[in-house]
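# The sequence and its predicted three-dimensional model are supplied below.
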Amino acid sequence: MWDLKDFQTTPEHIFKSRRQALKKLAGGSIALAGLTSFPSSVFGNANSFYPPVSNTLYKVNREITEEKLATTYTNFYEFGSSKNIWRRAAFLKTKPWMLTIDGLVKKPVTIDISDLLKKVGGIEERVYRFRCVEAWSMTVPWSGFPLKNILSFVEPKTSAKFLRFETFFDPDVAPGQKQNWYPWPYVEGITIDEAKNDLSFLATGIYGKELPNQNGAPCRLVLPWKYGFKSIKSIVKISFVDKKPQGMWERIAPLEYGFWANVNPNVPHPRWSQSTEQQLGVDNRVPTMIYNGYGSEVASMYNALQPTLKNSLFR
Ligand SMILES: Nc1nc2c(c(=O)[nH]1)N[C@H]1C(S)=C(S)[C@@H](COP(=O)(O)O)O[C@H]1N2
Ligand SMILES: [Mo]
């Protein structure tokens, strides 16, 4: 499944050597003023986990999307409905940032993200494909930790069947939240089996650095086999619940944004065909893969679903 002959070979060695060069830089204190792109840890944050070590199990035969594209073409409706909200998102204060994990767990907790990173044993880097239902896609190196590490930390009760995620609510900082036809805050949900899947990732960084606000700082979900709207940004709360949570988009348009939302080239969205995709910064469209190419890791979770559910993304 990783072997997609039609795509250009991975420039991963290039990416890696850049990473290594950055690591060396991070160790010294020589003049760095001329550089525009290097880990924030260079600035002397002793608690920083950056740059992260790459987990080579998760790599992709696709070119890494240019950092500038992935960090300036973003969907973050709290800051407006255009793709160009990155300057506005900069006003969000992400330090300190408390995350509450509650509901059907033995050890509920409210914890600062940096303390959480220590508890879950730091971060790693993974390259994933990422596919929006609008039919654009990117390939980016996320850093963070497997979502399942949270489960061992809070110990879900057997009655916990789903996870419900919630984004911050602060209309003074996020003008999109003044638009009251959206049922803010942004909410998303997954099953507990999906949360235990190896691919489910809580990202705190991208391109070897802490997430810029527009990509969901300080911590966001990344589910590479699902459409991008499931990968909720700037999370303040994770609740373990017994009923299927309803996402914000599902609440507004249930026929367009269903609970499962697994990438499927054969099921068109009412407004966008899903058969091909436009990679950011790449000229030619490419065919979209079932489960975004992650079927061998995730398909077994959906075998028991009714065929209609299994084949439909939007219910
Ligand atoms: N809180 C919040 N999370 C969100 C969104 C949003 O508007 N608000 N947009 C979603 C959509 S539609 C996509 S495609 C991805 C985009 O992630 P990116 O901007 O980092 O590429 O974030 C998802 N998470
Ligand atoms: Mo999206």
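Nice, I can see it. Numbers count the residues shown, from 1 in each chain. Ligands and ions are numbered 1, 2, ... in the order given.
# which residues of the protein score low on pLDDT?
Residue ranges of the chain with pLDDT under 70: 1-47, 307-315.
# Show the residue spans covered by the helices in it.
12-27, 67-72, 86-89, 113-119, 148-154, 192-196, 248-252, 295-298, 307-311 (DSSP state H).
# May I see the buried residues of stretch 100-113?
By 16 or more other CB atoms under 10 Å, the buried positions in stretch 100-113 come out as 101, 103, 104, 105, 109, 111, 113. Just so you know, the C-beta spots here come from the backbone N, C-alpha and C atoms, and that holds for glycine as well.
# Could you find which two of those are furthest from each other?
Greatest spatial distance among the buried residues of stretch 100-113 (CB to CB): 104 and 113, at 22.5 Å.
# Name the nearest residue to the residue of the stretch 1-150 of the chain found nearest ligand 1, ignoring sequence neighbours.
Proximity of the stretch 1-150 of the chain to ligand 1 (CB to the nearest ligand atom) peaks at residue 74, 3.1 Å away. In space, residue 74 comes closest to residue 214 once its chain neighbours are excluded; the distance is 4.6 Å by CB to CB, 6 or more residues apart in numbering.
# of all the residues in the stretch 151-300 of the chain, which ones are close to ligand 1?
Contact residues, the stretch 151-300 of the chain versus ligand 1 (CB under 6 Å from any ligand atom): 167, 186, 215, 216, 228, 229, 231, 232, 233, 234.
# got the contact list for the fifth one?
Just to be clear, that refers to residue 228. Each residue near residue 228 by CB atoms under 8 Å, 6 or more residues apart in numbering is listed here: 75, 130, 131, 132, 133.
# Run through the residues that contact the residue nearest to the second one when sequence neighbours are not counted.
Of all residues not flanking residue 130 in the chain, residue 138 sits nearest, at 5.2 Å (CB to CB, 6+ apart). Residues in contact with residue 138 (CB under 8 Å, 6+ apart) are 65, 69, 70, 129, 130, 279, 280.
# Same check on residue 73?
83, 84, 136, 280.
# Can you report how many residues neighbour the last one?
Same thing as residue 280. Neighbour count for residue 280, taken as other CB atoms under 10 Å: 19.
# so it touches residue 67, yeah?
No - the pair residue 280 / residue 67 is not scored as a contact, 10.7 Å apart, by CB atoms under 8 Å.
# Distance-wise, check the residue lying closest to residue 57 once chain neighbours are set aside relative to residue 202.
Ranked by CB to CB, 6+ apart and with sequence neighbours excluded, the top spatial neighbour of residue 57 is residue 126, at 7.9 Å. Noted for residue 126: a distance of 11 Å to residue 202, by CB to CB, to the nearest Å.
# who touches both of these two?
Common neighbours of residue 126 and residue 202 (criterion: CB under 8 Å, 6+ apart): residue 144.
# count of residues packed around the nearest residue in space to residue 55 that is not next to it in sequence?
Leaving aside its sequence neighbours, residue 55 sits nearest to residue 124 (CB to CB, 6+ apart; 4.4 Å). Using other CB under 10 Å, residue 124 has 19 other residues around it.
# Pull the contacting residues for residue 124.
So residue 124 contacts 52, 53, 54, 55, 143, 144, 145 (CB under 8 Å, 6+ apart).
# Please apply the same query to residue 273.
Contacts here follow CB under 8 Å, 6+ apart; on that basis residue 273 touches residue 135.
# who touches the spatially most central residue of the chain in this structure?
Nearest to the geometric centre of the chain sits residue 222, at 2.6 Å (CA atoms, centre = their mean). By CB under 8 Å, 6+ apart, the contact set of residue 222 is 128, 130, 142, 144, 200, 201, 202, 203, 231.
# just to revisit the earlier point, which among the contacts of residue 124 count as buried?
52, 54, 143, 144, 145.
# just those residues now: which is nearest ligand 2?
Nearest to ligand 2 among the buried ones among the contacts of residue 124, counting by CB to the ion, is residue 144 at 19.2 Å.
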